[in-house]
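Enquirer: Provided below are the primary sequence and the corresponding predicted coordinates.
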Amino acid sequence: GTAPTNPQLDKCKEFLAWWYDYRGFDPTSSANIIKQSDSNPSYLPRICGHRDVNPGGTSCPGNTLYALLPSLRTGTKQIIDMCNGSIDTEAPTTEIQTQRDWYNSDFEINFTDQDNEGGSGVNYSFYQVMDFDGTEWRANKNRGFFNDNFDEQIHNDWTSFSGDWSINENHLIQTEQTSTNTNLYTFVNQEQGETYLYHWHQKISGSGNNRRSGMHFYCSEPEASGRQTSYMIYLRIEGSTAEIYKYNNNSYETANGGFFHSSPYNFQANVWYDVKTIFNTSTGKISLYINDEFITSKIDSNPFSSGNSISLRTGQCITEYNDLKIYKARTENEIIKVQANQDAEIRYQSSNHEQEAGRIRTVIIDNADNWSESVSKNIFTDFENPENDIDINGNWQTEDFNAYFSDNDQLSGIEKGFFNVSDFDGTKWTANKNKGHFFDDFNAGLSEDWTNQVGTWSVNSGVLIQNDENQGNSNLYAYLKQDLSNKNLYEFDLKIEGNNENKRAGFHYFSDEPELENRGNGYFIWFRLKSQELEFYKVTDDIFSLKKIYKINFDAETWYNIKLIYDRVNGETFVYQDNKLIGEYKDTEAYFTGTHVSFRSGNSIMSVDNFRTFRSRYSNLDTEILCNSLDGDLRYSNPNPETAAARISSICMDSAKNISLITTKNINIDFTKPTNILSVNDGLGQDLDISSDTENLSGNWSESQDPNSGISAYFYAIGTSIGGTDYLNWTNNGLSTNFTITNANLELGQSYYISVKSQNGAGLYSDISNSDGVLIIQNISCPDNFEICSNAGELILEGATPNGGVYSGNAVVNNIFYPENANLGINNISYSYENEECSFEIFVKQAPEVICPNDINLETNSSPYPLIGAEPEGGNYYLNDNQISYINPANYEIGEYTIVYTYLDPSTQCSASCYFSLTISPYSNLLDNTSLEFDIYPNPNSGEFTIILQKNEENCNLQILNIHSQVIEEKQIKSNEDKIKFNLSKFAAGVYFVKLTNSQTNLIKKILIE
């Protein structure tokens, strides 16, 4: 860190000028130089430091001399040009390059400084960092910068110690003309080792006779008369001099360690002058420029080590100041500190999308004292992380679907979103590498996706570890298709430990030959713990070259989350440590394809966990996710309804390179429909084919199965044909496997068919299963139970509905019930219609047994005859349906009558009847001693019969009488005749009488012609 003296630097420049002039090289040019660290070439400036060719191996030269290398190069070239007689009057040019407009953290800014061809070369390059606090542009005084345009009012940074200071027409003005030492000061940190440019405008006026003003810088006590220790530039009107002072203990006397130096300059009152002062704190040289013209310089051989303030000073005049700025010398590349705190150079966030938060200004001067134009670059800042979310329709997916990624950033705007798709095969989480996704949490051991090329790699407790500290270039690689999106994001957790002092570890991406030592072509990042550096490397033909180095904070034995974003189109790489951007690199000749990634350790124990990759996607648009078991983004179904088969993770980056938190959404997948329902039954039990119930319709079925998403519901429909839905459209039945519809109003004679399907949790349906239908018939019903007596006649069974069925049971034949064949007591009778059946009871009661008396024969002149003799007693006698208790022959015509005896059993209410005959014959006047007799054969008959006479001793008269006592046939019979034949078939069937008469008696007998 010791600064070289000016004579040493001058001699070094002269020596280098001789050598480069001799060799014919441009000392400001670059070339490929073999590095000491790994014997690989790297494109470096020809005049470079030892540390450039041996990164990580040395810190030589020290920071002070290393910072002077740009001036050594330009100074060497200036000497060569001067020796060659070149005269440089052209101003140099400078440009500012940034990778982008928006930033969220420290970033590198690049400056391109050029002097004209054959010019003197750039001597000093300065830059200033300003920031906008929401009201005005300021600069962080703690960082050695200052800016005040004095637009509205004196900023509270300033302290008015003496004088009359105010703002007038956007200028700072001091109007008190009697004081010889007014003082308006502000704190500004100024450190040894820096070179400062103090730049302001001032105008002197007033009525004093010794008008002068200027500025103290590098002050130590700003309220002291000479600011204790300080340097001062003073412009004097009446003396026409430009003066440089050194105050030591408030004195510029040489004896007191100060000095005074002046140079003539014809200053005019009321004229604005542009004042620039360069102070090299290492060499002590102070150079003064007025209106970009070199005026004078002074070297302090014993410069102060630090200063903490600047102070504006006037003497006996009015002075206006404007646009006061403090710059610092820079290199071609500078890291701009950007944070929302007071230690940064850009401390504030842009208030809106149009408002810059920072401004980088640069100006340079060549060795011929030509000043460039001042160039500025505005910077936008955004310290807030964007937000993102994932929206997917439905809880289950069964085929390709869209994921809507919503990204939101209110300030810098979303630059790009990324997504990762991983899936679960039932054992471990992985991702489809052919689709550009990778996922390995190492919980299932070392996957076959990885190839252990070099080193001792293993998985312990879910962490990938390489523990061979002797290995300087271990290699564990995996295939990954990386050219499906323009940008890829790689994420992993990293821990580096071990006993080796030079322990390091890193990651190769976009490699094409992973088995080679440096993975063929590609890139890798390298975390070097000893030097606390992040290094970016590009590999070409298996030879790597260092491209960028960043200082980082990386402790051993500590886990860090690492994210790396690579854009294969523009070659940008961004590296994040715990979501903070720590380094970036842009390759102007970027690799467009890559096939592998690889972890690499160097003399360390390297631990890795939770490795996954993300592909870029569009923001606030649908992204199609392919689902198929062969080569989709998602390849598996849920192993069960509670375990998701996939995850989609999303992250986004805004234009300031802030990255959001990762949003992850579990995805339930089911590619297959449920199993088919094997049986569907009409009714609630076994299958019915017919039913008489017109108001209720039921069905039941076997269960369906789905191991992935489970059964969520059964649906049924009813139609009048198989598979039809004309009676009832598809209806959700929940998880029940049966249903009953009430108030069904079913049509008689119509068949109804049930269709059933199951739905799984993913919304897929099984094939439709159908019942064989149920026919609706009229409701079958039987007649009421009834009683019948055992002597009842045959009974035609009726009264059951619907008609047309069959009666069956004891004593039933052809739907007729025969009581005489039935059992006494209960007889069960069934009525069947189709497959329906009902039953009823017939109770057969014992009928009484009735016995009638013998037939009664009375003649017309017989006395009334009482009716008795029937058993059991207590019944009633009926003749011609009239109840009678006796017979008076006089009241009846001659003929035969049937008398009915009916008995009612009071215990059973069953009755029985018997019949006997009553014959009323004409008066026969038969003598008691007559021997006349005859028989009729056959009787009954068809009209033909024979009369056989017995004991016929005399002639007789034979008459055939009808029931009205009319003679219809008559014949005389001789005493010797014993057989007489008659044919009465011409007469109607009925009862007739045969009357045989002789001298002694009349005999009458009844015949029945059928």
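Expert: Nice, thanks for sending it over.
Enquirer: quick one: the helices in the chain, in order.
Expert: 6-23, 50-53, 63-67, 69-83 (DSSP state H).
Enquirer: for Leu858, find the nearest of those.
Expert: Among the helices of the chain, the nearest to Leu858 by CB to CB is helix 50-53 (166.7 Å). Using the backbone N, CA and C atoms, a C-beta is placed for each residue, glycine as well.
Enquirer: coming back round to it: would you turn the helices of the chain into a markdown table with mean pLDDT, mean neighbour count and distance to Ile1004?
Expert: Listed next are these as a markdown table, based on pLDDT from 0 to 100; neighbours: other CB atoms under 10 Å; distance: least, CB to CB, whole Å:
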| stretch | mean pLDDT | mean neighbour count | distance to Ile1004 |
| --- | --- | --- | --- |
| helix 6-23 | 86 | 15 | 185 |
| helix 50-53 | 88 | 16 | 171 |
| helix 63-67 | 82 | 16 | 173 |
| helix 69-83 | 81 | 21 | 176 |
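Enquirer: closest to Asn270 out of these?
Expert: Across these, Asn270 has its closest neighbour in helix 69-83 (38.1 Å, CB to CB).
Enquirer: show me what the closest one is packed up against.
Expert: helix 6-23, strand 122-132 (3 or more CB pairs under 8 Å, 6 or more residues apart in numbering; DSSP states H and E).
Enquirer: any idea how far the shortest one is from the middle of the chain?
Expert: The reference is to strand 122-132. 51 Å (CA atoms, centre = their mean, to the nearest Å).
Enquirer: can you give me the buried ones in it?
Expert: Neighbour-count burial for strand 122-132, with 16 or more other CB atoms under 10 Å as criterion, is recorded at Val122, Asn123, Tyr124, Ser125, Phe126, Tyr127, Gln128, Val129, Met130, Asp131, Phe132.
Enquirer: determine which two of the residues you listed are furthest apart.
Expert: Top of the distance list for those (CB to CB): Asn123 and Phe132, 31.0 Å.
Enquirer: show the contacting residues for Thr94.
Expert: The contact partners of Thr94, by CB atoms under 8 Å, 6 or more residues apart in numbering, come to Phe111, Thr112, Asp113, Gln114, Ser125, Thr362, Val363, Ile364, Ser372, Glu373, Val375.
Enquirer: count of neighbours near the last one?
Expert: Neighbour count of Val375, defined by other CB atoms under 10 Å: 16.
Enquirer: list the contacts for Ile690?
Expert: Ile690 is in contact with Val774, Leu775, Ile776, Ile777, Glu834, Asn835, Glu836, counting by CB under 8 Å, 6+ apart.
Enquirer: could you redo the last one with a cut-off of 7 Å?
Expert: By CB atoms under 7 Å, 6 or more residues apart in numbering, the contact set of Ile690 is Val774, Leu775, Ile777, Glu834, Asn835, Glu836.
Enquirer: relative to Ser751, how far out is it?
Expert: If you measure Ile690 against Ser751 using CB to CB, to the nearest Å, the figure is 9 Å.
Enquirer: the residue nearest to Tyr550 when sequence neighbours are not counted pairs with what?
Expert: Excluding the flanking residues, the one nearest Tyr550 by CB to CB, 6 or more residues apart in numbering is Gly583, at 3.8 Å. Gly583 has these beta-bridge partners by DSSP bridges: Val575.
Enquirer: so Gly583 sits against Lys551, correct?
Expert: No. Gly583 is beyond contact range of Lys551, at 9.2 Å (criterion: CB atoms under 7 Å).
Enquirer: who's more crowded, those two?
Expert: Set Gly583 next to Lys551 and count neighbours by other CB under 10 Å: Gly583 wins out with 23 against 13.
Enquirer: who's in contact with that one?
Expert: Applying CB under 7 Å, 6+ apart, the residues near Gly583 are Leu534, Phe536, Lys548, Tyr550, Val575.
Enquirer: dump the helices and strands packed on helix 69-83 to TSV, plus distance to Glu497.
Expert: Output for the helices and strands packed on helix 69-83, formatted as TSV (distance: least, CB to CB, whole Å):
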stretch	distance to Glu497
helix 6-23	43
strand 122-132	38
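Enquirer: tell me what the closest residue to Phe786 other than its chain neighbours is bridged to.
Expert: Excluding the flanking residues, the one nearest Phe786 by CB to CB, 6+ apart is Ile842, at 6.2 Å. Ile842 has the following beta-bridge partners by DSSP bridges: Phe786, Asn827.
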